[in-house]
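Asker: give me a model of this one.
(one chain, ligands or ions: 1)
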Amino acid sequence: MREEPVPPPRRTAVLISGRGTNLEALLREKQAGKLPAADIALVFSNNPAAKGLDFARQHRVPTAAVDHRDYRKEREGHERAILEVLKQHRIEIVVLAGYMRILTPVLVGAFAGRMLNIHPSLLPAFPGVRAQEQAWEYGVRVSGCTVHFVNEEMDGGPVILQRTVPVHPGDGPDRLAARILREEHKALPLALDLLTRGRLRLRGRRVDILRGNSSYPLLERELPTCLPLLIATGNQNKAEEIEGMLEGLPLSVYTTGELSDEGPGEVREDAPDYEGNARLKAGAWQKASGKWTLADDSGLEVDALSGRPGVHSNRYAPTTEERNRKLLAELADVPEEKRTARFVCSVVLRGPRGKEHTARGTCEGRIAFEPSGEGGFGYDPVFLPDGYDGASLAALGAEIKNRISHRARAIEALRPALERICSP
Ligand code: GAR
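Answerer: Down below sits the predicted model:
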């Protein structure tokens, strides 16, 4: 049986050290029904006298405190005690909302990808304490706030979102801080909403914000969102090639390897033509994953073989080497001028509710007498595209191949449709 996709985390602890206006903003939004997927299950402080704890109690949210002064310089011991409390409350997400302690790997490691922090500057400018004062003294013209995932660097984790404010000449640090705080109260609930709806995807240092519903449509207009797109191929080379061709589009690309838990299992590719096979793959994976899905099918048509191996190119022989050897053997007596051939590729882009776009691309050339070139894959070493002085597709390098190949041309033809589905 297929496993169900893992649901996004929801049970949230908000960690505070002082007055807790960001906590207030979160609880207010929760009460207004604006954080439907987040469950604020605990408010925690390192300071048992923190004003925010009273506020939480008034809102009937469970509270806890572990005083850091009881641990002197034992930061890790303090965090292990905190971790214990978080475990008791089955916490999945930690939000640092004015939590003024430097964290160690004990807590950070336990919540990797599930710990958010709000900071009152446009990071990486002005990390650390008194960020608003630092910004004022430095003389910047704009400042703002940042919500980021927490990693082991202080205020250095992947940025989720930022909101900016102008710095006016008469401000002084206090007025600037107040202006920034108003934006913090918008940014933090929005970030928590995105995380608990499964709309954040961490890719190295970058965070993709996936398109979807949220409670903050007006705030979201300022966010650079991405459309999740699944490339339905088990062939990693192909997936990487296609991902490269999609550059510049606001997409967050997934491969079937990453979504194997959500996959449809084995997909039969027994249609009579490329488009039919691409449609079978795109349809099955779209249905299983719910995401816009791009699938291709391609083949090599050799004129001297009446278009074979064509739609059966992948099944012409068991391995790539055997396929190329078999092809050269079949063509052993065919002279150069009769070795004309073309790569053909059909792509199908399938979306929710059966929306579909298709495109086709070809690359004309000849079959070589022997393989050459180190790049590419499949039949590339024996295919000599027209106009490149007898160099094989495998010898031309990725930059040229990804401009002239059948797949590149099919994707190029699909680009207007991709641009349309990407535009909000
Ligand atoms: C906020 O301005 C928050 O950004 C900042 O502390 C303040 C807490 O206010 N956090 C940091 O500087 C973390 N480096 P609050 O208690 O009223 O939410």
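Asker: low-confidence ranges in the protein?
Answerer: When residues are selected by pLDDT under 70, those of the chain lie in 1-6, 424.
Asker: try 80
Answerer: 1-7, 259-263, 265, 424 (pLDDT under 80).
Asker: give me the residue from it nearest the ligand.
Answerer: Scanning the chain for the residue nearest the ligand gives Gly98, at 2.5 Å (criterion: C-beta to the nearest ligand atom). Just so you know, the C-beta spots here come from the backbone N, C-alpha and C atoms, and that holds for glycine as well.
Asker: wait, a helix at that residue?
Answerer: No. Applying DSSP: H, G, I helix; E, B strand; the rest coil, one finds Gly98 to be coil, outside a helix.
Asker: may I have the phi/psi pair for it?
Answerer: Backbone torsions for Gly98, taken as degrees, to the nearest 10, come to phi 70, psi 40.
Asker: quick check: phi and psi on Phe301?
Answerer: Wrong residue type there; residue 301 is Glu, not Phe. Per degrees, to the nearest 10, the backbone of Glu301 is at phi -110, psi 120.
Asker: which residues sit in contact with it?
Answerer: Applying C-beta atoms under 8 Å, 6 or more residues apart in numbering, one finds that Glu301 lies in contact with 307-308, 310, 341-344.
Asker: buried set for stretch 21-37?
Answerer: Using 16 or more other C-beta atoms under 10 Å as the test for burial, stretch 21-37 gives 21-27, 29-30, 34-35, 37.
Asker: all helices for the stretch 1-150 of the chain, in order.
Answerer: For the stretch 1-150 of the chain, the helices defined by DSSP state H, counting those that start in this stretch cover 21-31, 51-58, 75-88, 105-110, 131-138.
Asker: as a markdown table, those helices with distance to the ligand would be great.
Answerer: Below are the helices of the stretch 1-150 of the chain laid out as a markdown table (distance: least, C-beta to the nearest ligand atom, whole Å):
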| stretch | distance to the ligand |
| --- | --- |
| helix 21-31 | 3 |
| helix 51-58 | 6 |
| helix 75-88 | 16 |
| helix 105-110 | 14 |
| helix 131-138 | 6 |
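Asker: out of these, nearest to Gly204?
Answerer: Among the helices of the stretch 1-150 of the chain, helix 105-110 comes nearest to Gly204, with 17.1 Å by C-beta to C-beta.
Asker: centre of the chain to the closest one, how far?
Answerer: Relative to its chain's centre, helix 105-110 lies at 23 Å (C-alpha atoms, centre = their mean, to the nearest Å).
Asker: please name every helix or strand in contact with it.
Answerer: The helices and strands touching helix 105-110, judged by 3 or more C-beta pairs under 8 Å, 6 or more residues apart in numbering; DSSP states H and E, are helix 75-88.
Asker: who touches the helix it packs on?
Answerer: 13, 42, 44, 46, 64, 66, 68, 70-71, 94, 101-104, 106-107, 110.
Asker: what do you get for stretch 346-361?
Answerer: Stretch 346-361 is contacted from outside by 273-275, 277-279, 281-283, 286, 290, 292-298, 344-345, 405-414, 417-418, 421, using C-beta under 8 Å, 6+ apart.
Asker: could you find the closest non-adjacent residue to Gly283?
Answerer: Distances taken as C-beta to C-beta, 6 or more residues apart in numbering put Arg350 closest to Gly283, at 5.8 Å, once the chain neighbours are dropped.
Asker: check the contacts of Glu301 and tell me the two furthest apart.
Answerer: Arg308 and Phe343 (13.7 Å).
Asker: which of those two has more residues huddled nearby?
Answerer: Taking other C-beta atoms under 10 Å, Arg308 and Phe343 do not tie; Phe343 has more neighbours (25 against 17).
Asker: show me what from the chain comes close to the ligand.
Answerer: Proximity of the chain to the ligand, by C-beta under 6 Å from any ligand atom, involves residues 16, 18-22, 97-98, 118-120, 131, 155, 181, 184.
Asker: top of the residues you listed by neighbour count?
Answerer: Neighbour tally across the residues of the chain next to the ligand (other C-beta under 10 Å): the maximum, 29 neighbours, falls on Ile16.
Asker: contacting residues around it?
Answerer: 22-23, 43-45, 50, 52-53, 97-99.
Asker: redo that, cut-off 6 Å
Answerer: Applying C-beta atoms under 6 Å, 6 or more residues apart in numbering, we find Ile16 in contact with 23, 45, 50, 52, 97-99.
Asker: how about the lengthiest helix in the chain: buried residues?
Answerer: Secondary structure of the chain read by DSSP state H shows that its longest helix is helix 172-196. Using 16+ other C-beta under 10 Å as the test for burial, helix 172-196 gives 176-177, 179-181, 183-196.
Asker: do stretch 222-234 as well
Answerer: In terms of neighbour count (16+ other C-beta under 10 Å), stretch 222-234 has its buried residues at 223, 225-233.
Asker: could you do stretch 152-165 as well?
Answerer: For stretch 152-165, by 16+ other C-beta under 10 Å, it's 155, 157-163, 165.
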